[in-house]
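Chemist: whatever this is, show me its structure:
(one chain, ligands or ions: 1)
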Amino acid sequence: MRHIAIIGSGPAGYYTAEAAQKAFGDDVRVDIFDLLPVPYGLIRTGVAPDHQSIKGVSRRYEKTALTDNVRFVGNVAVGRDVEVAEIQSLYDAVVLATGAPSDRELGLPGAELSNVFGSAAFVGWYNGHPQFAQLNPDLSGTTAVVIGMGNVALDVARILAKTPEELAGSDIVAHAYQALEASRIERVIILGRRGPHQIMMTPKELGELAHLERAAPHVDARDLPDAGEDAMLEPGLRKSVTLIREFAATPEHIRAEKRVAIEFAFFAQPVALLGDGKVEAIEVERTVLERGRAVGTGEVERLRADMVVSCIGYRTHPIPGVPFDEREGRFANDAGRILPGLYCVGWARRGPSGTIGTNKPDGFAVVDAIAEDVAAGRLGNGGKQGRAGFDALAAERGLDVVTFKDWKRIEEAEERAAREGSPREKFVDIEAMIRALT
Ligand code: NAP
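Modeler: Here you go, the predicted model:
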C-alpha cells in the first residue's frame with residue numbers, strides 16, 4: 001500500500017488524487033488536506049461567482065472524493081496544526097498543491113493607503129474567503145482603478161460593473177452583494193503598462209464586457225496597433241484584439257447609453273498612489289514598447305482613483321523547510337520534484353498561469369513522477385503509517401478534522417440559505433462552518 005498526502009484541495013489537488021487512483025488503483029490511499037473546512041480552493045474562492053459553469057467542475061472532484069481510497073481532511077493547516085516534516089514521516093509521497101494565495105506586491109509609494117487591495121483580497125472578499133470577508137471596501141466613490149490586463153482584472157471590473165439583477169443568480173456572498181448594490185462606481189479604469197497586443201485576457205471573458213446591462217467598454221482607437229500586425233498573433237490573442245478593436249469602433253452615442261464606463265488605459269504604467277489616508281488618485285507614466293517591454297517616457301498623468309485593485313499576479317506561500325524560488329514566487333522544483341518524497345503541482349509548481357484545466361495534465365505528470373520514484377525504489381519500501389498515523393496524531397492534538405461527509409452537510413446548509421435564484425449562500429467564517437455541523 002502506498003500513502004499519498006496532498007496539501008490543498010483545489011483543482012491541482014483533486015486532479016492529482018484522480019491521477020493517483022488511476023495509476024495505483026486499490027494500492028493507494030490518498031489524504032487531501034485543506035486548511036479550510038470546505039474543499040475546492042480556487043473553484044470556491046477564486047473563480048468569479050458569476051461563472052457558475054466553470055465552478056461545475058467540482059462535480060468531477062466530488063466523484064474522486066467519494067471513492068474509498070481518497071479522503072478529505074479539512075480544517076487542518078499544514079505548517080500550523082501539523083508540520084510538513086511530520087506529514088512526510090507518515091506518507092510515502094507528499095504533494096504540495098497549495099496554489100498561489102498571496103498577491104504579488106505592487107511595491108509603489110502609497111500602496112499602503114486604505115481602499116487599495118490586491119486581487120487575492122478583493123476576489124476573496126466577494127467570494128467569501130474567511131481570510132478576507134472583513135475587507136469592507138469603500139464603494140462610495142465614482143472611480144475604481146484596476147491594475148493589470150489579465151483575466152482577474154476582467155473578473156474584478158465585471159463584478160464592479162454588474163447590476164444586482166445580473167449578480168442575483170451568482171453565488172456572490174451577501175455582504176458583497178449588498179455592498180455592490182449600494183456602489184456608486186461609474187468608471188472602472190483597467191490599467192495596462194503595455195498595449196492591446198500584450199493583453200493576457202482571453203476572448204470569451206473579454207467578450208462578456210460587451211453584454212453588460214449598465215456598463216460598456218471604452219477603448220481609445222489611437223492606442224490600437226496597425227490592423228495588419230494582428231496576423232502575427234496566436235489565434236486566441238488575435239480574437240481578443242479583434243474584440244478590443246470592436247470596443248474602439250463602438251460609436252460614442254451607443255456607449256453613452258450605459259451609465260458605467262469600463263475604460264481600457266493602455267501604455268500607462270502606475271508609478272504612485274496618492275491620497276490622505278485613503279487613496280484618491282493614481283499617477284501613471286506613459287510608456288512606449290521597446291522589444292515588447294514597457295519603457296517609461298517621463299510623461300506623467302494623474303487619474304482619479306477612489307479605489308484601487310491590483311490584479312498583477314500571485315505568489316505561493318513559502319513553507320518553512322521547503323526550498324522556495326523567491327524570484328518566481330513558487331516552490332523550487334524540478335518538474336514537480338522538490339526533495340525526495342516531496343512534490344508540488346499546479347500554481348505551487350509553475351506559478352499562477354493557465355486555466356483550471358491546465359491543472360489536469362499537471363496532476364497526472366506529478367503522479368507519473370511519483371510512480372517513477374516508487375519503481376526506482378527512491379521512496380523506500382512502503383511501511384509508512386499513512387492515514388492511521390495521521391488520525392493518531394490528530395487525536396493527540398485534539399484537531400477538529402472536517403471530513404467530506406461533514407462538508408456535504410455544510411454544503412446543504414449553504415444551499416438552504418441561498419437567496420432566490422442563487423445556488424448557495426456561503427459561510428464566510430470558519431466558526432460558522434463548524435457550527436453548521438453541530
Ligand atoms: P496574468 O494573466 O498574468 O495577468 C497579469 C497582468 O498584470 C498582466 O497584464 C501584467 O502585465 C500585469 N502586471 C504585472 N505586473 C505589473 C506591474 N508591476 N504593473 C502593472 N501591471 C503589471 O494574471 P491574472 O490575471 O492574475 O490571472 C492568473 C491566471 O488565472 C491566468 O492564467 C488567467 O488566465 C487565469 N484566470 C482565468 C480566468 C478564466 O478563465 N475565466 C479567470 C481568472 C483568472 P505585463 O504583461 O505587462 O506583465
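
Chemist: tell me which element the residue of the chain most remote from its centre is part of?
Modeler: Most distant residue from the mean C-alpha position of the chain: Asn381, 37.8 Å away (CA atoms, centre = their mean). Per DSSP states H and E: Asn381 is located in neither a helix nor a strand.

Chemist: check Thr16 too.
Modeler: Here Thr16, judged by DSSP H and E, is contained in helix 11-24.

Chemist: quick one: contacts of that helix?
Modeler: Residues outside helix 11-24 that contact it (CB atoms under 8 Å, 6 or more residues apart in numbering): 2, 4, 6-7, 28, 30, 32, 34, 39-43, 57, 60-61, 64-65, 67, 69-70, 95, 97, 99, 345-349, 356, 359-360, 362-364, 366-368, 370-371. Glycine gets a C-beta too; all of them are placed from N, C-alpha and C.

Chemist: now do the residue farthest from the centre of the chain, the pLDDT please.
Modeler: If you check Asn381, the pLDDT there is 80.

Chemist: give me the residue from the chain nearest the ligand.
Modeler: Of all residues in the chain, Gly150 sits closest to the ligand, at 2.3 Å by CB to the nearest ligand atom.

Chemist: let me know whether Glu205 touches Val156 as I believe.
Modeler: No: Glu205 is beyond contact range of Val156, at 11.6 Å (criterion: CB atoms under 8 Å).

Chemist: gap between the two ends of stretch 252-267?
Modeler: Separation of the first and last residues of stretch 252-267 by CA to CA, to the nearest Å is 22 Å.

Chemist: near the ligand, which residues of the stretch 251-400 of the chain?
Modeler: Applying CB under 6 Å from any ligand atom, we find that the stretch 251-400 of the chain lies next to the ligand at 270, 311-313, 352-355.

Chemist: could you redo the last one with a cut-off of 8 Å?
Modeler: By CB under 8 Å from any ligand atom, the part of the stretch 251-400 of the chain that sits against the ligand consists of 269-270, 294, 310-314, 352-356, 358.

Chemist: take these and write them to JSON lines, including distance to Val76 and neighbour count.
Modeler: JSON lines is the format used below for those (distance: CB to CB, whole Å; neighbours: other CB atoms under 10 Å):
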{"residue": "Gln269", "distance to Val76": "42", "neighbour count": "19"}
{"residue": "Pro270", "distance to Val76": "39", "neighbour count": "24"}
{"residue": "Ala294", "distance to Val76": "43", "neighbour count": "20"}
{"residue": "Ser310", "distance to Val76": "31", "neighbour count": "29"}
{"residue": "Cys311", "distance to Val76": "30", "neighbour count": "28"}
{"residue": "Ile312", "distance to Val76": "31", "neighbour count": "20"}
{"residue": "Gly313", "distance to Val76": "28", "neighbour count": "19"}
{"residue": "Tyr314", "distance to Val76": "23", "neighbour count": "22"}
{"residue": "Pro352", "distance to Val76": "24", "neighbour count": "22"}
{"residue": "Ser353", "distance to Val76": "28", "neighbour count": "12"}
{"residue": "Gly354", "distance to Val76": "27", "neighbour count": "13"}
{"residue": "Thr355", "distance to Val76": "28", "neighbour count": "11"}
{"residue": "Ile356", "distance to Val76": "24", "neighbour count": "18"}
{"residue": "Thr358", "distance to Val76": "27", "neighbour count": "15"}
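
Chemist: cool, thanks, talk later.
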